[in-house]
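1. pasting the structure only:
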């Protein structure tokens, strides 16, 4: 039998053993919990790192895909590159350094689909972006300060520049506002027109030497390959364009300056329609032209004048740089498209006419009559009563005293400035034409002819990046 003391000792040892086992169990459990927690944290961190890595690589792939998309859109900003691309659809391009591949396919006549596939740098993530683009080539604005569907004869005092105020293209800060050529002309016309355009010659083109700044500043229109006309280039018309209520013909192969400029034939019907939709100034039966022009509002984009337009000094304002007075048609805010058919601007000495926008000289078709109004033939003989009147077209136009800021175009066989220092009754203001692309762009926008340089429009709702 145990003594009481022995029992108490045994009891205390048993309790101590039980407490040690409990501590050990707790320590083991806590260690296992710590290991489990640490493992879970490590696993969570790995998952988080993987998620972050995937997110980063997906963003990287998306950024590369966007780079591919922006690469194509930048190509469309350059009309020359864009035309080459569109002429060779489907177009594909791979950029290994930036990890993208782009493909451009045709959807319809005026729409393309751009697909940009890209990967991350390590190739583990892939993204694709799809976008449809309505592509159009803007209505081509004139390529020169002065263009003529005939010969040019400018006095050596004429001022013509390409929009850079006489500076070379390399020295001009506003490079985007420079004309492609100083002058454009098609001098291959009838021999009898040579008498109308006498003067110094530059090749086949009659022109003043000092208005040219160097080789390439003039462009002579040449016959096309099939010999049916002249090569005025291809016609590109934005969808929905119009001018004076008329819709241009996108299938027209331009064979004249008028066709290349407006995308329509210079038919009497088209001219009549332009007349009907313009601010009309009819000077064939007399009147005060400058007074009538006062009634032209800012909202009248087209002004159509028939006959000679006599400009009164009363309405002209004093020039800031000379003693000359100038009558202005249009402004930089409200540029005008001014047609003048069968006439020119007649000004008093030291008075000129300034047009901001585009001035277009159109020859008139007249019936051949003598001073008394009797119908005659080309030799001046009276026609019999049963003979049809002979119709002739104006061959020459005098552009003296005109200042154009934008572009001047002429459909005459000969266009000359007619400046004569000895003529006391004639204008004493020099002919001046300055190319201004910004003014022409504003005019074309107002006319609904599309803004130059806008080559594409993103089709709404077509962006897909999933």
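-> Right, received. Where do you want to start? Source: prediction; values computed, not measured.
2. which stretches of the stretch 251-400 of the chain form helices?
-> Remark: helices assigned in the stretch 251-400 of the chain by DSSP state H, counting those that start in this stretch are 257-262, 268-276, 289-293.
3. got those helices as JSON lines, with distance to residue 405 columns?
-> In short, each C-beta sits where N, CA and C put it, glycine included. Putting those into JSON lines (distance: least, Cβ to Cβ, whole Å) gives the following:
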{"stretch": "helix 257-262", "distance to residue 405": "18"}
{"stretch": "helix 268-276", "distance to residue 405": "22"}
{"stretch": "helix 289-293", "distance to residue 405": "17"}
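4. Same list (the ones you listed) but as CSV, adding mean pLDDT, mean neighbour count and distance to residue 392.
-> Shown next, in CSV, are the helices of the stretch 251-400 of the chain (pLDDT from 0 to 100; neighbours: other Cβ atoms under 10 Å; distance: least, Cβ to Cβ, whole Å):
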stretch, mean pLDDT, mean neighbour count, distance to residue 392
helix 257-262, 90, 24, 19
helix 268-276, 91, 14, 15
helix 289-293, 88, 19, 24
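5. Looking at the ones you listed, spot the one closest to residue 232.
-> Among the helices of the stretch 251-400 of the chain, the nearest to residue 232 by Cβ to Cβ is helix 257-262 (3.8 Å).
6. and that closest one, what does it pack onto?
-> strand 144-148, strand 402-410 (3 or more Cβ pairs under 8 Å, 6 or more residues apart in numbering; DSSP states H and E).
7. Now do the first one: everything it contacts.
-> This means strand 144-148. With contact meaning Cβ atoms under 8 Å, 6 or more residues apart in numbering, strand 144-148 is reached by 152, 154, 160-163, 179-186, 219, 257, 261, 404, 407-412, 415, 433-435.
8. which among these end up buried?
-> Neighbour-count burial (16 or more other Cβ atoms under 10 Å) applied to the contacts of strand 144-148 gives 152, 154, 160-163, 179, 181-186, 219, 257, 261, 404, 407-412, 415, 433-435.
9. I'd like to know which of these are part of strands.
-> Under the assignment DSSP state E, the buried ones among the contacts of strand 144-148 contribute 152, 160-161, 181-185, 219, 404, 407-410, 415, 433-435 to strands.
10. separation between residue 54 and residue 89?
-> From residue 54 across to residue 89, the span is 35 Å (Cβ to Cβ, to the nearest Å).
11. now residue 402
-> Residue 402 is 45 Å from residue 89, where distance means Cβ to Cβ.
12. The two: who's more crowded?
-> residue 402 (24 against 13; other Cβ atoms under 10 Å).
13. Pull the number of nearby residues for the closest residue to the more buried one other than its chain neighbours.
-> Using Cβ to Cβ, 6 or more residues apart in numbering and skipping the chain neighbours, the partner closest in space to residue 402 is residue 353 (5.4 Å). By other Cβ under 10 Å, the residues close to residue 353 number 29.
14. who's in contact with residue 353?
-> Here residue 353 is in contact with 309, 311, 326, 327, 329, 345, 347, 401, 402, 403 (criterion: Cβ under 8 Å, 6+ apart).
15. Starting from the lengthiest strand in the chain, tell me which strands it pairs with and how they run.
-> Among the segments of the chain that qualify as a strand by DSSP E, the longest is strand 351-362. Sheet pairing for strand 351-362, assigned by DSSP bridges, gives strand 325-329 (parallel), strand 336-341 (parallel), strand 402-410 (parallel).
16. Same list, those strands, but as TSV with mean pLDDT please.
-> Formatted as TSV, these follow (pLDDT from 0 to 100):
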stretch	mean pLDDT
strand 325-329	83
strand 336-341	95
strand 402-410	93
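17. export these to JSON lines and tack on distance to residue 248?
-> Below are the strands paired with strand 351-362 laid out as JSON lines (distance: least, Cβ to Cβ, whole Å):
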{"stretch": "strand 325-329", "distance to residue 248": "24"}
{"stretch": "strand 336-341", "distance to residue 248": "14"}
{"stretch": "strand 402-410", "distance to residue 248": "16"}
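18. Residue 224 is nearest to which of those?
-> That would be strand 402-410 among the strands paired with strand 351-362, by Cβ to Cβ, at 20.2 Å.
19. what are the ranges of the strands in the stretch 201-350 of the chain?
-> Here the stretch 201-350 of the chain has its strands, by DSSP state E, counting those that start in this stretch, at 201-202, 205-206, 218-220, 279-282, 302-306, 309-311, 317-318, 325-329, 336-341, 345-347.
20. For my notes, please list those in JSON lines and give distance to residue 25 for each entry.
-> Shown next, in JSON lines, are the strands of the stretch 201-350 of the chain (distance: least, Cβ to Cβ, whole Å):
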{"stretch": "strand 201-202", "distance to residue 25": "110"}
{"stretch": "strand 205-206", "distance to residue 25": "109"}
{"stretch": "strand 218-220", "distance to residue 25": "100"}
{"stretch": "strand 279-282", "distance to residue 25": "104"}
{"stretch": "strand 302-306", "distance to residue 25": "100"}
{"stretch": "strand 309-311", "distance to residue 25": "113"}
{"stretch": "strand 317-318", "distance to residue 25": "107"}
{"stretch": "strand 325-329", "distance to residue 25": "104"}
{"stretch": "strand 336-341", "distance to residue 25": "99"}
{"stretch": "strand 345-347", "distance to residue 25": "112"}
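21. Of all those, which one is nearest residue 23?
-> Residue 23 lies closest, by Cβ to Cβ, to one member of those: strand 336-341, at 101.0 Å.
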